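*Asks:* what follows is a predicted structure for the sequence shown.
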2 protein chains.
Amino acid sequence: MSFTFFTPGPAQLYPTFEKHLQTFVSEQLGSISHRSQQYRDLHKFTVDQLRTLLNVPDSHAILFLGSASEAWERILFSCVELESFHLVNGSFSKKFYDCSNALNKYAHLFEKPMGESFVASEIVVPEYAELICTTHNETSSGVQMPVAEIHKLKQRNPGKFIAVDMVSSAPYPELDYSLIDTAFFSVQKAFGLPAGLGVWIVSEKCLQKAESIRNQYSIGAHNDLPTLWKNALNNETPATPNVMGIYLLGKIAEDFNKIGVQTLRKETEHKASLIYKFIEKQPGFSTFVKEKANRSQTVVVTNTEMPSADIIKHIKAKGMVVGSGYGKYKATQLRIANFPATSVEDVEKLIHELGSL
Amino acid sequence: MSFTFFTPGPAQLYPTFEKHLQTFVSEQLGSISHRSQQYRDLHKFTVDQLRTLLNVPDSHAILFLGSASEAWERILFSCVELESFHLVNGSFSKKFYDCSNALNKYAHLFEKPMGESFVASEIVVPEYAELICTTHNETSSGVQMPVAEIHKLKQRNPGKFIAVDMVSSAPYPELDYSLIDTAFFSVQKAFGLPAGLGVWIVSEKCLQKAESIRNQYSIGAHNDLPTLWKNALNNETPATPNVMGIYLLGKIAEDFNKIGVQTLRKETEHKASLIYKFIEKQPGFSTFVKEKANRSQTVVVTNTEMPSADIIKHIKAKGMVVGSGYGKYKATQLRIANFPATSVEDVEKLIHELGSL
């Protein structure tokens, strides 16, 4: 039996994945040297496609890591001598905060309960914080911080670096990289690829900061920013990278560019609105995120009256997999991913089955 | 045209790779949750197969990283408060040393020219060094430090931790984990897989050290040893891992176990002896590593009278890819990988073509 995955990552693989994988295998790309021109061309292709898709200017590098979680550490190593500041409203924003403490930085915190978001006007950034850490899309709670609020936050604090976790939303958020210093995502969410690759978008200003503090503080050794940056100028990576992941990401990004990122974003919003409308009208379901503007377009979270495990089981028998709630909400919520790999028809089928429970 | 890769990594993919990849795709393993029982079973299968293959006792965990280079950093974070000691005889052992400096540790050095190795009796470990870093197989120079010398080194310094880089030789070296505290390798060498996954074997003693120093020194945040260890007890990883890589590694390790690791080692030695014999007798070729006991069984390095680029080009026209020399030896050496993915027949064909230049 073949399933359609509405899980928030690993998720449904993008429909063209198998075709690109076959090309990777038949062209023996798994064996090419990561110091060859053939690799550099492949690497450049992926960076170029992502640059177009996400509208990333030349002031920012696009770098590859083992996972998006690695980006938390590398950003803190690079941009923070002593103090960071974190907006925390769920498990993943909390992990970014924990990461700063583990690196012996002083991590300031502005915390809200799961399900709530932040507006720029209420946020007071501590005076000595060097970096503001935001999460565009909290995968644990289905809360989205509007991009406009993230931009405003930087405009109100122009002297601070700002980082955006868009792990489970890229390429949906339309970030303005004249304001955003660094952002990151992983490929097993909206790009519909197997896990094992993180993408780190980072400005030259972050590089300069890393270089300025490295004599006094460790900025890490593996995948430290200056070494990653230097290698990226030559379309290479310091260590042997996940060549397969980088290749597939470039091909999927190309497919996305052919559709057009704005079309993709509109489709995402259309499918999300179908799911939210269903949740609102359907007895036994209710949206977890009360504020409409904060409802994630890519990870929809619903409270359920029935134990969510029963719904998951029922839906699985119909050939679809949805995610459980996160942490303490495991038994009482569903998380329904809304990534480009699932079509309007897939979403309609899911809604139909959820409605026939 | 299809090529046979004798390159030292990325390398020839193992013959069963495509079959296992097909299973991964058809079973939709790229979409399963990394917090599901299905994933935990997959993870455990790979760990169990590696434990059998490499004879790793229960005192040691088998952990997954983004690359073997990441292991350098994680080992230094975990096992070194202040001082490490490095045997350096090529580019990769040098990088391990550089990594310690970048983490603001004090790194002691015993260096020899490329092409030479170490014996335990000549090594004086500095009094305050907490960790001895050895490289079983220097991928840059084709030098192998005999396993017996590595074991002796630990026996002479029982109070120190010892780490073994076996990136480009595992599963060939028969390490005794009652002596070896930690070792690591990557999958794009002898396991014949695409790059993007590192394997870290590490003892409970290393974990205890990491836990004992974490209050005073940062032991890292992403993939820090206590968090990796705790997750591994549940057959999970802290972040979403390279599930595809872990699955494929388990299947290849199973294939290796079916052949038997001793048979695999004997085959490796037999193929290496064919290549070394050819180099010794053939005009225009000469072995780079003078001491027989130090000649790598998995990465054979030969000096060439002809520019090595010409030989590489000629051999490529015959459907085979060999590696160039490393760094300053790029133009005057060849590096010929001898991993399980290339058969005796492949090696004989390569020798035949090199002999007809």
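*Replies:* Alright, I've got the coordinates.

*Asks:* what ranges does chain A have for its helices?
*Replies:* Assigned by DSSP state H, the helices in chain A fall at A:17-26, A:37-54, A:68-79, A:91-102, A:147-156, A:204-213, A:225-233, A:243-259, A:261-281, A:308-317, A:344-355.

*Asks:* would you mark the buried spots in the fourth one?
*Replies:* Spelled out, it's helix A:91-102. If you call a residue buried by 16 or more other CB atoms under 10 Å in any protein chain shown, then helix A:91-102 has these buried ones: A:Phe92, A:Ser93, A:Lys94, A:Lys95, A:Phe96, A:Tyr97, A:Cys99, A:Ser100, A:Asn101, A:Ala102. Bear in mind the C-beta positions are built from the backbone N, C-alpha and C, glycine included.

*Asks:* ok, now which ones touch the residue in chain A positioned nearest to chain B?
*Replies:* Here the residue of chain A nearest chain B is A:Gly66; by CB to the nearest CB that distance is 2.1 Å. A:Gly66 makes contact with A:Gly196, A:Leu197, A:Gly198, A:Asn223, A:Asn242, B:Leu65, B:Gly66, B:Ser67, B:Glu70, B:Gly196, B:Asn242, according to CB atoms under 8 Å, 6 or more residues apart in numbering or on different chains.

*Asks:* which residue is the nearest non-sequential neighbour of the spatially most central residue of chain A?
*Replies:* Centroid-nearest residue in chain A: A:Val167, 1.2 Å away (criterion: CA atoms, centre = their mean). With CB to CB, 6 or more residues apart in numbering or on different chains as the criterion, A:Val167 has its nearest non-adjacent residue at 4.6 Å, and that residue is A:Ala68.

*Asks:* now do the contacts for that neighbour.
*Replies:* Counting by CB under 8 Å, 6+ apart, A:Ala68 touches A:Asp165, A:Val167, A:Phe184, A:Phe185, A:Ser186, A:Gly198, A:Val199, B:Ala239.

*Asks:* check it and give its pLDDT.
*Replies:* A:Ala68 is assigned 96 on the pLDDT scale.

*Asks:* quick revisit: dump the buried residues of helix A:91-102 into a markdown table; add distance to B:Ile246 as well.
*Replies:* Formatted as a markdown table, those follow (distance: CB to CB, whole Å):
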| residue | distance to B:Ile246 |
| --- | --- |
| A:Phe92 | 22 |
| A:Ser93 | 27 |
| A:Lys94 | 26 |
| A:Lys95 | 21 |
| A:Phe96 | 25 |
| A:Tyr97 | 28 |
| A:Cys99 | 23 |
| A:Ser100 | 29 |
| A:Asn101 | 29 |
| A:Ala102 | 25 |
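
*Asks:* let's have the residues you listed in a markdown table, adding pLDDT.
*Replies:* Compiled in a markdown table, the buried residues of helix A:91-102 are given as follows (pLDDT from 0 to 100):
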| residue | pLDDT |
| --- | --- |
| A:Phe92 | 96 |
| A:Ser93 | 97 |
| A:Lys94 | 98 |
| A:Lys95 | 97 |
| A:Phe96 | 98 |
| A:Tyr97 | 98 |
| A:Cys99 | 98 |
| A:Ser100 | 98 |
| A:Asn101 | 96 |
| A:Ala102 | 96 |
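
*Asks:* adding distance to chain B, write those residues out as a markdown table.
*Replies:* Converted to a markdown table, the buried residues of helix A:91-102 look like this (distance: CB to the nearest CB, whole Å):
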| residue | distance to chain B |
| --- | --- |
| A:Phe92 | 11 |
| A:Ser93 | 15 |
| A:Lys94 | 13 |
| A:Lys95 | 9 |
| A:Phe96 | 10 |
| A:Tyr97 | 11 |
| A:Cys99 | 4 |
| A:Ser100 | 8 |
| A:Asn101 | 8 |
| A:Ala102 | 4 |
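
*Asks:* report the contact partners of A:His34.
*Replies:* By CB under 8 Å, 6+ apart, the neighbours of A:His34 are A:Glu236, A:Thr237, A:Thr240, A:Pro241, A:Val243, B:Pro10, B:Ala195.
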